[in-house]
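Chemist: Sequence plus the predicted model coming up.
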Amino acid sequence: MKQHNNNHKKWRKVMLSWAMTAVMLFSMSAVSYAQFTPSVMGLIVNRTAPVSIENHVYELNLSKAQVKHTAQTSRMLSVSPNLTAPEKMLTPDGKEKLAVYPGDTLYIPFSNKASGVSYTSKSCPSNWEISVSGMDEKSISNVRWANENGYLTVAVDFAKELMQSKAVDVNLSITLYDKTTKAKNEPMVLEASFQNVTREIMPGTINEVVSPMNLKAGEIYKGQPVTLSFGHNIFLKDAVLAPGKTMYLNLDQSFDHKLANQYRSFDIQCYHFIGNEDSFMEPAELCLPAQKNESYVYEVMDGELRRIMSRYDEENGQICFTTDSLGYYVVSPILMK
């Protein structure tokens, strides 16, 4: 009998222990559910019911747009290489336009029309789309979503180069719409002038050319011979421009592997003046670096070499020749056949 009572007591202890364990597990589950379920449910809700754009609630805010220039453009404009307010210009009819340059990216936020508060999430809801009209590949390469300054923006990427002095007018219409509800915001029209950085020519001094750029013969220029420096001991001397003319200048010094293989000459220097506007009123003297006085200079025309008569400037280590327009030149220490 005593043994039976002891067994009964042990059994009650085991059952009580199991009951307490079950209560603890249930309590932990309840706490865990309270702590983690809302966030999990939030993720599910966000995925299944993304933010919707109600008619005319959101608008692209061009007044808060920021631009990011290339490092070279920032130096030439003497502005910060970080995000800055875009430069504005007046057209001849007095209308205000944005001035944008090759390689620029314009970031346009969108905000609640009533409150003015920008959409601050970095993630693009899956039902939002961008519709674009008036896009010209000569000036704009892409329109996309982007995360800048901690919020979502519409980014307009401008073309990497503009191989002319004349500016290109930009008239781009951007509409943000909800492909689920078919709601959309009012179209935003971007009017801008896409152009190269322009410097005015200064008589009586050496004019530094930073490729690519525009050089303008403005009001202070009266047709005097001037010197242009392209850096790296490359000079154009006694150049005469037409007053009022703006020309596009761009020097590419990339090594031409195809040409080197074709002529089996690999100790060459290549100077490719890109563009069709770099001609002058009178022949000027172009001086290129040369390693020794027995150097030879050639002009590349239709993939073939044409030798140019030149002189060696021993004092400055240059090979010089006259030309009335800039082309594609190769300097070699040996005759190229």
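Modeler: Looks like it arrived, so ask away.

Chemist: hang on, Leu259 in a helix?
Modeler: Yes: counting by DSSP: H, G, I helix; E, B strand; the rest coil, Leu259 falls inside a helix.

Chemist: list the contacts for it?
Modeler: Counting by Cβ atoms under 8 Å, 6 or more residues apart in numbering, Leu259 makes contact with 268, 270, 300, 303, 330. For the C-beta atoms, the positions are set from N, CA and C on the backbone; glycine is no exception.

Chemist: Show me the strands in the stretch 51-200 of the chain, by range?
Modeler: All strands of the stretch 51-200 of the chain, identified by DSSP state E, counting those that start in this stretch, fall at 58-60, 66-68, 87-90, 96-100, 105-112, 128-133, 140-148, 151-158, 168-178, 188-194, 198-200.

Chemist: Reformat the ones you listed into JSON lines and put mean neighbour count and distance to Phe230 next to each item.
Modeler: Shown next, in JSON lines, are these (neighbours: other Cβ atoms under 10 Å; distance: least, Cβ to Cβ, whole Å):
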{"stretch": "strand 58-60", "mean neighbour count": "20", "distance to Phe230": "41"}
{"stretch": "strand 66-68", "mean neighbour count": "19", "distance to Phe230": "27"}
{"stretch": "strand 87-90", "mean neighbour count": "12", "distance to Phe230": "26"}
{"stretch": "strand 96-100", "mean neighbour count": "18", "distance to Phe230": "25"}
{"stretch": "strand 105-112", "mean neighbour count": "20", "distance to Phe230": "28"}
{"stretch": "strand 128-133", "mean neighbour count": "15", "distance to Phe230": "38"}
{"stretch": "strand 140-148", "mean neighbour count": "16", "distance to Phe230": "27"}
{"stretch": "strand 151-158", "mean neighbour count": "20", "distance to Phe230": "25"}
{"stretch": "strand 168-178", "mean neighbour count": "18", "distance to Phe230": "25"}
{"stretch": "strand 188-194", "mean neighbour count": "19", "distance to Phe230": "24"}
{"stretch": "strand 198-200", "mean neighbour count": "15", "distance to Phe230": "13"}
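
Chemist: between these, which gets nearest to Ile308?
Modeler: strand 198-200 (28.7 Å; Cβ to Cβ).

Chemist: Parallel or antiparallel, list what pairs with that closest one.
Modeler: strand 213-216 (parallel) (DSSP bridges).

Chemist: Not counting the helix or strand just after the partner strand itself, show me its contacts.
Modeler: Using DSSP states H and E, the helix or strand that follows strand 213-216 in sequence is strand 226-231. Identification of contacts with strand 226-231 by Cβ under 8 Å, 6+ apart yields 201-203, 206-211, 215, 235-241, 249, 251.

Chemist: what angle do the helix or strand following strand 226-231 and strand 226-231 make?
Modeler: As assigned by DSSP H and E, the chain's next helix or strand after strand 226-231 is strand 234-239. On the basis of axes from the mean of the first three to the mean of the last three Cα atoms, to 10 degrees, strand 234-239 is oriented at 170 degrees to strand 226-231.

Chemist: who's in contact with the next helix-or-strand element following strand 234-239?
Modeler: Sequence order places strand 246-249 as the next helix or strand after strand 234-239, per DSSP H and E. With contacts defined as Cβ under 8 Å, 6+ apart, strand 246-249 is touched by 163-165, 196, 198, 209, 211-217, 228, 230, 241, 273, 275, 277-279, 326.

Chemist: Ok, stretch 196-210 next?
Modeler: 72-73, 75-77, 101-102, 162, 165, 212-218, 220-222, 224, 226-231, 235, 241, 246, 248-249, 251.

Chemist: circling back to that earlier point, any of the contacts of strand 246-249 buried? List them.
Modeler: Neighbour counting over the contacts of strand 246-249 (16 or more other Cβ atoms under 10 Å) leaves 164-165, 196, 209, 211-217, 228, 230, 241, 273, 275, 277-278, 326 as the buried ones.

Chemist: Kind regards, and thank you for your time.
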